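Q: just a sequence and a predicted model for now, questions to come.
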Amino acid sequence: MKNKFLILLCLASMTVTMKAWTDDDDDEHEGKHHSRKSFLFHERRQVTTAPVMNAKFKAECTSCHMAYPPGLLPARSWTQMMNTLDKHFGEDASLDEATKKEVMDYLVKYSSDHAYSRRGSKILATIGSSTPLRISETPYFIRKHDEIADSTFKRKAIGSKANCLACHPGAEAGNYEEHDVRIPRADELPAKKK
Amino acid sequence: MKKIRINLFLGLTAISLNVFAADDILKIFVEKEKQTNPSFKSFSVAEGEKIFRTERVNSKGEKVSCMTCHTSNPKAEGLTRANKVVEPLAPSVNKERFTDIAKVEKWFKRNCKDVYDRECTNTEKGHFTAWILSVK
């Protein structure tokens, strides 16, 4: 009986270790793998940056831009953003109170400090106590894109750093893996995504 | 099964109460206009087009107009500043446009503030709607 229990325990720990290996970052010039320890502690938590899609969020926020996974920013960023929608990056994106609350609750629930995700925790680790509103201004984003020229971001099919989808086809589902990246050529036109 | 059918019927009726043909949206602006202006006859297509094509420098110092995102052709696809494709605005080529009054009001509110730094009046919304319906 005791033997059986030990074998089970062994198997369980092997599974956890293997999972930790496969979840290791595959990006180049990556820093220390500080996430391994935290991964073990967060084993049962959400591991994607975009666990679910909220219908209101999709309807209200994706007319002008892609659906940014809530796990890319901490709750304080989303709260500040939702409370300043009348001046949203230079545009008026105001919502009625009920809609605003539903969208804000969704963003906070899956924010990087409320739900664990590998990418989200890395961004979180680089921002200190600041409240970034642009994901592209976080040190993690800047480091990850240091080999991309400004002129590349300005290509017709990309436009700006706000358009993750142009190069990361799985961006809305939280997939930013380097081997899935495809940078549009200078002569390509913006892709139509619904 | 019968219950589901009845519910479905009621649901569809409820939806159809809020979804209009583009002409009906114009009628809403007409009715509202008559309340404040008893001698009102009709909106001006030319004035509507002027609202669409007027370029100005907004409070942020940017040269803007409706055409910034919708292009100069309301039947063509546009592009937002975050590079998302905007479906054509003219109902003649995009049947979903000007069918939901809540959506129409929401976008007038946002976009008028972006381009004109203020909300548009009912008169302006009427002119604009009359013009966009005339684009064939």
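A: Nice, thanks for sending it over.
Q: drop to CA atoms for contacts and neighbour counts, all remaining ones
A: Noted.
Q: next, the buried residues of stretch A:76-84.
A: A:76-79, A:81-82 (16 or more other C-alpha atoms under 10 Å in any protein chain shown).
Q: just stretch B:70-84 next, same as before
A: B:70-71, B:74-75, B:78-79, B:82-84.
Q: next, format those residues as a markdown table and append secondary structure.
A: Output for the buried residues of stretch B:70-84, formatted as a markdown table (DSSP: H, G, I helix; E, B strand; the rest coil):
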| residue | secondary structure |
| --- | --- |
| B:His70 | helix |
| B:Thr71 | coil |
| B:Pro74 | coil |
| B:Lys75 | coil |
| B:Gly78 | strand |
| B:Leu79 | strand |
| B:Ala82 | coil |
| B:Asn83 | coil |
| B:Lys84 | coil |
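Q: filter these down to the ones close to chain A.
A: Checking the buried residues of stretch B:70-84 against chain A by C-alpha under 8 Å from any C-alpha of the partner chain, the ones in range are B:82-84.
Q: can you pull the residues of chain B lying near chain A?
A: Close to chain A, as judged by C-alpha under 8 Å from any C-alpha, chain B has residues B:60, B:80-86, B:110-111, B:113-114.
Q: which one of those is nearest to A:Met104?
A: B:Arg110 (19.3 Å; C-alpha to C-alpha).
Q: any idea how far the most centrally placed residue in chain A lies from chain B?
A: When C-alpha atoms, centre = their mean is applied to chain A, the residue found nearest the centroid is A:Leu72 (3.5 Å). When distance is defined by C-alpha to the nearest C-alpha, to the nearest Å, A:Leu72 is 18 Å away from chain B.
Q: how about B:Phe29, secondary structure?
A: Classified using three-state DSSP, B:Phe29 is helix.
Q: residues in contact with it?
A: B:122-123, B:125-126 (C-alpha atoms under 8 Å, 6 or more residues apart in numbering or on different chains).
Q: kindly report the same for A:Thr138.
A: With C-alpha under 8 Å, 6+ apart, A:Thr138 has these contacts: A:123, A:126-127, A:132.
Q: now the ones next to chain A among the buried residues of stretch B:70-84 as CSV including pLDDT?
A: Putting these into CSV (pLDDT from 0 to 100) gives the following:
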residue, pLDDT
B:Ala82, 92
B:Asn83, 92
B:Lys84, 93
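Q: between the buried residues of stretch B:70-84, which is nearest A:Pro139?
A: B:Ala82 (21.1 Å).
Q: would you agree that closest one is in contact with A:Asn163?
A: Yes: between B:Ala82 and A:Asn163 there is a contact under C-alpha atoms under 8 Å: 6.1 Å.
Q: what residues are shared contacts of the two?
A: In contact with both B:Ala82 and A:Asn163: A:His65, using C-alpha under 8 Å, 6+ apart.
Q: which element, helix or strand, includes A:Gln80?
A: If you go by DSSP states H and E, A:Gln80 is part of helix A:75-82.
Q: what helices and strands are in contact with that helix?
A: Packing contacts for helix A:75-82, counted by 3 or more C-alpha pairs under 8 Å, 6 or more residues apart in numbering or on different chains; DSSP states H and E, involve helix A:97-109.
Q: C-alpha coordinates for the helix it packs on, PDB please?
A: Only the C-alpha atoms of helix A:97-109 are listed here, as PDB (Å, rounded to 0.1, in the frame of the first residue of the first chain):
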ATOM      1  CA  GLU A  97     -21.900  53.000 -17.100                       C
ATOM      2  CA  ALA A  98     -23.300  49.500 -17.200                       C
ATOM      3  CA  THR A  99     -21.200  48.500 -20.200                       C
ATOM      4  CA  LYS A 100     -18.100  50.200 -18.700                       C
ATOM      5  CA  LYS A 101     -18.500  48.200 -15.500                       C
ATOM      6  CA  GLU A 102     -18.900  44.900 -17.200                       C
ATOM      7  CA  VAL A 103     -15.800  45.400 -19.400                       C
ATOM      8  CA  MET A 104     -13.800  46.700 -16.500                       C
ATOM      9  CA  ASP A 105     -14.700  43.700 -14.300                       C
ATOM     10  CA  TYR A 106     -13.600  41.400 -17.100                       C
ATOM     11  CA  LEU A 107     -10.300  43.100 -17.700                       C
ATOM     12  CA  VAL A 108      -9.500  43.200 -13.900                       C
ATOM     13  CA  LYS A 109     -10.500  39.600 -13.400                       C
END
